[in-house]
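Participant: generate a structure from the sequence data that follows.
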Amino acid sequence: MANERLRAAISAKGETIQSVAEHVGVDPKSVERWITTNRTPHRGHRWKAASFLGADEVYLWPSAEKQAEKASASELITYYPHRGAVPAPLWSSLIEKATDQVDILVYAGLFLFDSHPD
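Facilitator: Below you'll find the model as predicted:
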């Protein structure tokens, strides 16, 4: 079964298999396999290809979401796909229970201060 989403994204962006391969740093045959056999590339290659094409990697490779869920179970305590999925009381409890410091990596973390004015 072919990956028509990837094929369409490459075409819509006006790129070629060769240009995607060069940007990602793989052989053009690898990109062809991603399309024709619906093979899911390694995480770093998925990210580079998706950002190059201006598309979401889970849209291009739906199986990538399942891989993230597996990683959640094996490497992380809990995985939340987006900020809205995090239970609101969890933020307060994490901050209140901290004994030294709290490090949070966010693109825009204003929601923390807006929802917790104290």
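Participant: use CA for all of it now, contacts and neighbours both
Facilitator: Fine.
Participant: and stretch 98-108, how far apart are its ends?
Facilitator: One end of stretch 98-108 sits 21 Å from the other (Cα to Cα, to the nearest Å).
Participant: which parts of the chain are helices?
Facilitator: 4-12, 17-24, 28-36, 43-53, 57-60, 63-75, 88-97, 110-115 (DSSP state H).
Participant: and those helices: which comes nearest D103?
Facilitator: Among the helices of the chain, helix 88-97 comes nearest to D103, with 9.9 Å by Cα to Cα.
Participant: tell me which helix or strand of this protein sits lowest on mean pLDDT?
Facilitator: In the chain, no helix or strand scores lower on mean pLDDT, DSSP states H and E than helix 63-75, which sits at a mean of 60.
Participant: quick one on the thing from earlier: in JSON lines: the helices of the chain, plus mean neighbour count and distance to H82.
Facilitator: Shown next, in JSON lines, are those (neighbours: other Cα atoms under 10 Å; distance: least, Cα to Cα, whole Å):
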{"stretch": "helix 4-12", "mean neighbour count": "16", "distance to H82": "23"}
{"stretch": "helix 17-24", "mean neighbour count": "16", "distance to H82": "26"}
{"stretch": "helix 28-36", "mean neighbour count": "17", "distance to H82": "27"}
{"stretch": "helix 43-53", "mean neighbour count": "17", "distance to H82": "17"}
{"stretch": "helix 57-60", "mean neighbour count": "18", "distance to H82": "13"}
{"stretch": "helix 63-75", "mean neighbour count": "13", "distance to H82": "12"}
{"stretch": "helix 88-97", "mean neighbour count": "11", "distance to H82": "13"}
{"stretch": "helix 110-115", "mean neighbour count": "10", "distance to H82": "13"}
